[in-house]
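Undergrad: the following comprises the amino acid sequence and a computationally predicted model.
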Amino acid sequence: MRLSEKEKAANRAAFRAMNPRDKAEYIFAYYKLPLVLALVAIVALGSVARWLITHKEPLLYVAYVNVVPDERLDETLTTSFVQAEGKSPRRSEVVCFRELYLSRDADPQAHQYAYASRLKIMAAIDAEQLDVVLMNKESYDLLSGSGYLLDLKDAQTSAQALSPAAQKLLTANTVVLSDNRLEIELNEADEYEADTIEQVNALDVTALPLFADYPEDESFYLGIIANTPRLDESLAYLQYVVETD
């Protein structure tokens, strides 16, 4: 029912005569739903605006496995690569999985951490959110044996080729096609047997200037995850590491 102009004027006069507390109670009683909806809209708009301002587009996903780079090296392997690709660090980033640990012979204290790291790596691979891995020899053997790493010889035929300097660092490792590990664990077999191949699936970057400050007995390898949807960017990353002092 619509009010007449006289009734509207009377309501306005009554409202003006109220004290501040009565006015607040009146507004809340009669306009509660519109106020709540307006507040929800303001919060939603603020969240969207904040996301647009702070959101960074992932340029590449990198994992450090059994390797803990110092702050300088970490900066070189993440933010500096973004800049080298002509991108703004405010808009693009290298998403980095740090402090991952893999070991076949982990002690009881480290076993749970190694198991959690393996699950995290597998989940990232399944989601296609892992492209490049920096690893030591032990984790390289494990990831290669599981077939997670890309054959770099084949990769270059369908994407940008690595430079001669990078190709000199190519290294091969064992890939297990099938084995009887499950039977061994179930005590259904006594001797381990496996069908394997050798595959060129990493760069041995140990001698590069970037790793010169680390002990001589430490080794470093760079590999690309086999199902990466960012092959060109991954190869560019390997090339960047090789060329960076």
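TA: Now that the structure is in, tell me what you want to look at.

Undergrad: can you give me the helices in this structure?
TA: For the chain, the helices defined by DSSP state H occupy 5-17, 20-54, 71-77, 79-84, 108-126, 137-145, 152-158, 164-167, 181-185, 231-243.

Undergrad: for the last one, packing partners?
TA: In other words, helix 231-243. Applying 3 or more C-beta pairs under 8 Å, 6 or more residues apart in numbering; DSSP states H and E, one finds that helix 231-243 contacts strand 57-65, helix 79-84, strand 132-135, helix 152-158, helix 164-167, strand 194-204, strand 221-224. Just so you know, the C-beta spots here come from the backbone N, C-alpha and C atoms, and that holds for glycine as well.

Undergrad: one more: the shortest one?
TA: Here helix 164-167 is seen to pack against helix 231-243 when contacts are counted using 3+ C-beta pairs under 8 Å, 6+ apart.

Undergrad: what comes up buried for the helix it packs on?
TA: Neighbour-count burial for helix 231-243 flags L231, E233, S234, L235, A236, Y237, L238, Q239, Y240, V241, V242 (criterion: 16 or more other C-beta atoms under 10 Å).

Undergrad: tell me the contacts of Y64?
TA: C96, F97, R98, E99, L100, V133, L134, M135 (C-beta atoms under 8 Å, 6 or more residues apart in numbering).

Undergrad: what sits opposite the second one in the beta ladder?
TA: Beta bridges link F97 to A63, judged by DSSP bridges.

Undergrad: ok, it to Q83 distance?
TA: F97 sits 21 Å away from Q83, going by C-beta to C-beta, to the nearest Å.

Undergrad: swap in the first one?
TA: Spatial separation of C96 from Q83 under the definition C-beta to C-beta is 15 Å.

Undergrad: those two - which one has more neighbours?
TA: C96 (16 against 11; other C-beta atoms under 10 Å).

Undergrad: and the pLDDT at N180?
TA: At N180, the model reports a pLDDT of 74.

Undergrad: shaky segments in this protein?
TA: Within the chain, the stretches with pLDDT under 70 are 1-18, 22-55, 106, 156-160, 182, 184-185.

Undergrad: if we use 50, what do you get?
TA: Low-confidence segments of the chain, defined by pLDDT under 50: 48-49, 51-53.

Undergrad: if we can go back for a sec, possible to save the helices and strands packed on helix 231-243 as a markdown table with distance to S92?
TA: Formatted as a markdown table, the helices and strands packed on helix 231-243 follow (distance: least, C-beta to C-beta, whole Å):
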| stretch | distance to S92 |
| --- | --- |
| strand 57-65 | 5 |
| helix 79-84 | 5 |
| strand 132-135 | 16 |
| helix 152-158 | 23 |
| helix 164-167 | 23 |
| strand 194-204 | 24 |
| strand 221-224 | 19 |
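
Undergrad: please identify which of these is closest to H111.
TA: strand 57-65 (16.1 Å; C-beta to C-beta).

Undergrad: any idea how far that closest one is from the chain center?
TA: The chain centre lies 5 Å from the centre of strand 57-65; the measure is C-alpha atoms, centre = their mean, to the nearest Å.

Undergrad: what's the answer for stretch 110-121, then?
TA: Relative to the centre of its chain, stretch 110-121 is centred 16 Å away, using C-alpha atoms, centre = their mean.

Undergrad: for stretch 211-222, same thing?
TA: Stretch 211-222 has its C-alpha centroid displaced from the chain centroid by 23 Å (C-alpha atoms, centre = their mean).
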